[in-house]
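Asks: I would like to see how this sequence folds:
(one chain, ligands or ions: 2)
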Amino acid sequence: MKPELSVVIPIYNEETGLAKLFARLYPALDALNLAYEIVFINDGSRDQSPALLADQFRSRPDVTRVVLLNGNYGQHMAILSGFAATRGEVIVTLDADLQNPPEEIGNLLAKFREGFDYVGSIRRKRHDTIWRTYFSRMMNRVREKITHIKITDQGNMLRAYSRNVIDLINQCGEVNTYVPALAYSFARNPTEIVVEHEERAAGESKYSFYSLVRLNFDLMTGFSLVPLQVFSMLGMALSAGSAALVALLLIRRFVLGAEAEGLFTLFAFAFFLMGVILFGIGLVGEYVGRIYLQVRARPRYVVETILQSSENTPNPATTQSSTNQDGIAHAKHS
Ligand code: UDP
Ligand code: MG
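Replies: Ligands and ions are numbered 1, 2, ... in the order given. Here you go, the predicted model:
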């Protein structure tokens, strides 16, 4: 039987918080009185997380499935591998650290049933470090300007998607992506609700400043060509500016005679322009790099095993798998 709701949760080194997550998530979903499944994805954790997930699978095999990836592919790839394993009509994504309260899933569903195919969420009060909150707010604003994606609070994973949106995402082969934005681009009737946000229950954020910058580059270059166009425009403006400067210098040459001042102004200009050029090249490189990764067409992730009870046969369209006597299906795909 197909569940109505699939909850997708990526896990990377979350051993300290998993017990708390299980203790709140299962009762919250049981209280909804519908057929659900929870798809955990172990994103190559190096701690006890896979063992804890396997234990949890043993205690609730009816509603639990665990996708074990063979390495760390990042939160968004992990979520995509989870999507391929879902069968529900509504798919909800959630963080494992309890920053997104599982009790909010009911509210997402209620909104979804009003006829939307994408329910995003806005955090009422964000509980992250101050620099994180400000950086994220700034990038949110830049992204609003250059992409057509209207997400008020882009950093939040607690969202509900329709089967249709997820099927379309499953057909994409993007190497670097940002799940909420990708889903938004397929949604026909998106909306948002306000949700609570809590402190991380245990452990530390898996995102360094560097990985956040990378993520934002993925978001900008993956969903928009505006950064490249800005550079063409900037190039044009600078050419026009320097043409005007040449004209001015020529006029001064004839009116005032030979001048040899302003050498350091020239240096300043030159260095500034070099900076702009380097940034431009780097930006072009971002796109070229994406193209490079994409044309190599290597598997985006490798599923080692999927723990699921034998009646939960996986969707043959997305996975090739064989089931052994323990009811554990082995699947590999990308
Ligand atoms: N995560 C993952 N792979 C990674 C990094 C993170 O699966 O490479 C998971 C992590 O276990 C958590 C979610 O993604 O469930 C969000 O991570 P985190 O809480 O560290 O991000 P933040 O809340 O700081 O944005
Ligand atoms: Mg978190």
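
Asks: ok, residue 95 touching residue 155?
Replies: No - between residue 95 and residue 155 there is no contact under Cβ atoms under 8 Å: 10.4 Å. Where C-beta positions appear, they are placed from N, C-alpha and C, glycine not excepted.

Asks: report how many residues lie close to the residue in the stretch 201-334 of the chain that ligand 2 sits nearest to.
Replies: Going by Cβ to the ion, ligand 2 is nearest to residue 205 of the stretch 201-334 of the chain, at 5.6 Å. As a burial measure, residue 205 scores 13 neighbours (other Cβ atoms under 10 Å).

Asks: what's the answer for the one 5 residues further on, then?
Replies: Number of residues near residue 210 (other Cβ under 10 Å) recorded here: 8.

Asks: show the pLDDT at it.
Replies: pLDDT recorded at residue 210 is 88.

Asks: that one is in what secondary structure piece?
Replies: Using DSSP states H and E, residue 210 maps to helix 209-223.

Asks: name the residues of that helix that are buried.
Replies: 212, 215, 216, 217, 218, 219, 220, 221, 222, 223 (16 or more other Cβ atoms under 10 Å).

Asks: so which bits of this protein are right by ligand 1?
Replies: Proximity of the chain to ligand 1, by Cβ under 6 Å from any ligand atom, involves residues 10-12, 14, 43, 72, 74-75, 78, 95-97, 99, 205-207.

Asks: just to revisit the earlier point, tell me the helix or strand right after the helix holding residue 210.
Replies: helix 226-256.

Asks: by how many degrees do that next one and helix 209-223 diverge?
Replies: Between helix 226-256 and helix 209-223, the angle comes out at 90 degrees (axes from the mean of the first three to the mean of the last three Cα atoms, to 10 degrees).

Asks: which parts of helix 226-256 are buried?
Replies: Within helix 226-256, the residues that count as buried by 16+ other Cβ under 10 Å are 226, 227, 231.

Asks: which other helices and strands does it contact?
Replies: With contacts defined as 3 or more Cβ pairs under 8 Å, 6 or more residues apart in numbering; DSSP states H and E, helix 226-256 has these neighbours: helix 130-146, helix 209-223, helix 263-296.

Asks: can you list the buried residues in the longest one?
Replies: I take that to be helix 263-296. Neighbour-count burial for helix 263-296 flags 280, 283, 286, 290 (criterion: 16+ other Cβ under 10 Å).

Asks: same list, those residues, but as a markdown table with distance to residue 175 please.
Replies: Listed next are those as a markdown table, based on distance: Cβ to Cβ, whole Å:
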| residue | distance to residue 175 |
| --- | --- |
| 280 | 23 |
| 283 | 18 |
| 286 | 13 |
| 290 | 7 |
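
Asks: any idea which helix or strand in the protein has the lowest mean pLDDT?
Replies: Lowest on mean pLDDT, DSSP states H and E among the helices and strands of the chain sits strand 321-323, with a mean of 37.

Asks: hang on, the earlier thing: make CSV from the helices and strands packed on helix 226-256 and add distance to residue 176 to it.
Replies: Shown next, in CSV, are the helices and strands packed on helix 226-256 (distance: least, Cβ to Cβ, whole Å):
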stretch, distance to residue 176
helix 130-146, 15
helix 209-223, 4
helix 263-296, 6
